[in-house]
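Student: below are the sequence and a predicted model; questions follow.
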Amino acid sequence: MHGLPTDLSARPTLGVFDSGVGGLTVLQALRARMPEVALHYVADAGHAPYGDRSSEYIRERSLRVAEHLRAAGAHMVVVACNTATAHAVNAMRERWPDWPVVGIEPGVKPAVAATRNGRIGVMATTATIASRRYEALVAAHAADVSLVSQPCPGLVTLIEQGHLDNPELGALIDRYCEPLKAAGVDTVLLGCTHYPLVQGRIQAALGNGVQLLNIEDAVARQAQRLWESLHLPAQPDAPLVLQSTGDPEPLQHLARVALGWRDAVASHIDV
């Protein structure tokens, strides 16, 4: 793993961004599928969490971070954030119609296909659940099941701190899992890329009889397909650049500890 090249724009990169550290789960799936692609990840931690912000604010921040990635040489971008996808991906595609943009959204359809008892839960940010994009997904795919949408305010903020064994974090997970258990769901969709970082704790709170679903690998497959269509040269020493608009330490810590990238280095940027 390498640090920031002197001139990042000299290399074609695949840009990835999230409101914070959650998109690391997508970055991990991208790295596994595309080891010879230079990845440039921005955590907009200085303006997180997006889940409690207005749609206009989320859209403005997403466009600003995407512009930073474009200027640094990103030939496409993965929006590794359910909330940003819900509120900003259309605006990004309108502004840059020739720039491939891959979004991420709660996999309601796969959850409906996976349930055995017809009762599913979705854990997501308040903004994702309130978005028209999410409402459309539920209307299109979940008419024949019982679906419990569980907003999880505060959960992203605690995960962002990087200390995943925090007792306060465990208490919050227990609180948000309780309504899902009471509803008897057998399938729970993790509708925020931060949540797989604490998937073990969520599984423990729900019990082993509940299956958890996330969507990172499906996003990586779509990104790989689009990237290959660009016919860019492989980079055997492909760098991984980690940047944060806030404190870079939690990003670096989780990249090293949660993902096992021991020599990962994150730096601060003002965007």
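Tutor: Looks like it came in fine.
Student: so Trp99 versus Ala38, what's the distance?
Tutor: Taking C-beta to C-beta, to the nearest Å as the measure, Trp99 and Ala38 are separated by 17 Å. Every C-beta, even on glycine, is put in place using the N, C-alpha and C of the backbone.
Student: more neighbours: those two, which one.
Tutor: Comparing Trp99 with Ala38 by other C-beta atoms under 10 Å, the one with more neighbours is Ala38, at 23 against 16.
Student: following the host helix or strand of Ala127, which helix or strand shows up next?
Tutor: According to DSSP states H and E, Ala127 maps onto helix 126-130. Using DSSP H and E, the next helix or strand after helix 126-130 towards the C-terminus is helix 132-141.
Student: what's that following helix packed up against?
Tutor: Applying 3 or more C-beta pairs under 8 Å, 6 or more residues apart in numbering; DSSP states H and E, we find helix 132-141 packed against helix 82-95, helix 108-114, strand 146-151.
Student: just name the most buried of the ones you listed.
Tutor: Of all those, helix 82-95 has the most neighbours on average by mean count of other C-beta atoms under 10 Å, namely a mean of 23.
Student: show me what the mean pLDDT comes to for the next helix or strand after that helix.
Tutor: Sequence order places strand 101-102 as the next helix or strand after helix 82-95, per DSSP H and E. The average pLDDT within strand 101-102 is 97.
Student: which helices and strands does strand 101-102 pack with?
Tutor: So strand 101-102, by 3+ C-beta pairs under 8 Å, 6+ apart, packs with strand 74-79, helix 82-95, helix 216-229.
Student: Arg61 and Ser54, how far apart?
Tutor: In this view, Arg61 and Ser54 are 11 Å apart by C-beta to C-beta.
Student: okay, those two: which has more neighbours?
Tutor: Remark: of Arg61 and Ser54, Arg61 carries more neighbours, 23 against 11, as counted by other C-beta under 10 Å.
Student: and that one, what does it touch?
Tutor: With contact set as C-beta atoms under 8 Å, 6 or more residues apart in numbering, Arg61 has these partners: 19, 44, 47, 50, 53, 84, 88.
Student: so the first one touches Tyr50, yeah?
Tutor: Which is Ser19. Yes. Counting by C-beta atoms under 8 Å, Ser19 does reach Tyr50; the two are 4.0 Å apart.
Student: so what sits against both of those two?
Tutor: Common neighbours of Ser19 and Tyr50 are listed as 44, 61, 81, 83-84 (criterion: C-beta under 8 Å, 6+ apart).
Student: closest one of those residues to Pro250?
Tutor: Pro250 has its nearest neighbour among these in Asp44, at 13.0 Å by C-beta to C-beta.
Student: coming back round to it: and Ser19 and Tyr50? Which one has more around it.
Tutor: Using other C-beta under 10 Å as the criterion, Ser19 and Tyr50 rank with Ser19 on top: 33 against 28.
Student: roughly how far apart are the more buried one and Ala45?
Tutor: Distance of Ser19 to Ala45, given as C-beta to C-beta: 7 Å.
Student: over to Ala218?
Tutor: 25 Å.
Student: more neighbours: the two, which one.
Tutor: Ala45 (22 against 13).
Student: residues contacting the more buried one?
Tutor: Here Ala45 is in contact with 19-21, 160, 244-247, 250-251 (C-beta under 8 Å, 6+ apart).
Student: which SS state does Phe17 fall under?
Tutor: Look at Phe17: counting by DSSP: H, G, I helix; E, B strand; the rest coil, its state is strand.
Student: next, give phi and psi for the closest residue in space to it that isn't next to it in sequence.
Tutor: Of all residues not flanking Phe17 in the chain, Val42 sits nearest, at 4.3 Å (C-beta to C-beta, 6 or more residues apart in numbering). Dihedral angles of Val42 (phi, psi; degrees, to the nearest 10) stand at phi -120, psi 120.
Student: just His40 next, same as before
Tutor: Per-residue torsions, His40: phi -130, psi 110 (degrees, to the nearest 10).
Student: beta partners of it?
Tutor: Gly15, Val241 (DSSP bridges).
Student: so how far is Ala218 from His87?
Tutor: Distance, His87 to Ala218, using C-beta to C-beta: 21 Å.
Student: same thing with Asp186?
Tutor: In terms of C-beta to C-beta, Asp186 sits 21 Å off from Ala218.
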